[in-house]
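Chemist: What shape does this take:
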Amino acid sequence: MSQARLAKEVWDYDRYAGHRVWEGARGTNGRTFPFWQRHRYTRSQTFPRLHVVLAGKEEHLLDNRLQALADDVKGIAVAVWVNTLPRLQRGEPWYEIGVDDPDRRRRRYPEPVGR
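Modeler: Below is the predicted model of the structure:
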C-alpha cells in the first residue's frame, strides 16, 4: 500500500470514530450517539486503537515510512500505534503516533442536525 493510501486509511478510521447518528422518531426530542459504539464495538466505552504494522522492505526504509506516517497523521483524534515487523519480532514496544481524544473528534465532526 502506498504511503498516501495508508495515511488516507488512517484518517478514514478517524472519520468513522467521529460519525454520530440521530436516534429518535421524527419530530421528537432525540439524541445522537457514536455509530461505532452502538453497532460495532458495543461493549467498549472508548474507541479501539488502531495498530499498524509496516513490513515488506528493508528496516531503514520502514523507519522512514514510520516517520512519514507519523507526520501525515499529526493531529489525529484516535489512538494509533505503529511499529515495523522486524522490531516486533525482536520484542520492541509499539510507537504511539495518535492519541484518542473524543472531544477533539466531536469538534471536528459536529453532531447531525435534529430531525
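
Chemist: all strands of the protein, in order?
Modeler: With strands called from DSSP state E, the chain shows them at 20-23, 31-34, 50-54, 80-84, 95-98.

Chemist: Please identify which of those strands is closest to Asp63.
Modeler: The minimum distance between Asp63 and these falls on strand 80-84, with 7.0 Å, by C-beta to C-beta. C-beta here means a position set from N, CA and C on the backbone, and glycine is covered the same way.

Chemist: Partner strands of that closest one and their direction?
Modeler: Paired neighbours of strand 80-84 in the sheet (DSSP bridges): strand 50-54 (parallel), strand 95-98 (antiparallel).

Chemist: can you tell which of the strands of the chain is closest to Arg106?
Modeler: Among the strands of the chain, strand 20-23 sits nearest to Arg106 (C-beta to C-beta), with 8.0 Å.

Chemist: Adding mean neighbour count, write the strands paired with strand 80-84 out as CSV.
Modeler: Formatted as CSV, the strands paired with strand 80-84 follow (neighbours: other C-beta atoms under 10 Å):
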stretch, mean neighbour count
strand 50-54, 18
strand 95-98, 18
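
Chemist: Now render the strands of the chain as CSV, adding mean pLDDT and distance to Leu6.
Modeler: Listed next are those as CSV, based on pLDDT from 0 to 100; distance: least, C-beta to C-beta, whole Å:
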stretch, mean pLDDT, distance to Leu6
strand 20-23, 72, 26
strand 31-34, 68, 24
strand 50-54, 93, 7
strand 80-84, 94, 10
strand 95-98, 90, 12
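
Chemist: Show the contacting residues for Val78.
Modeler: Tyr13, Asp14, Ala17, Phe47, Arg49, Leu50, Gly98, Asp100, Arg105 (C-beta atoms under 8 Å, 6 or more residues apart in numbering).
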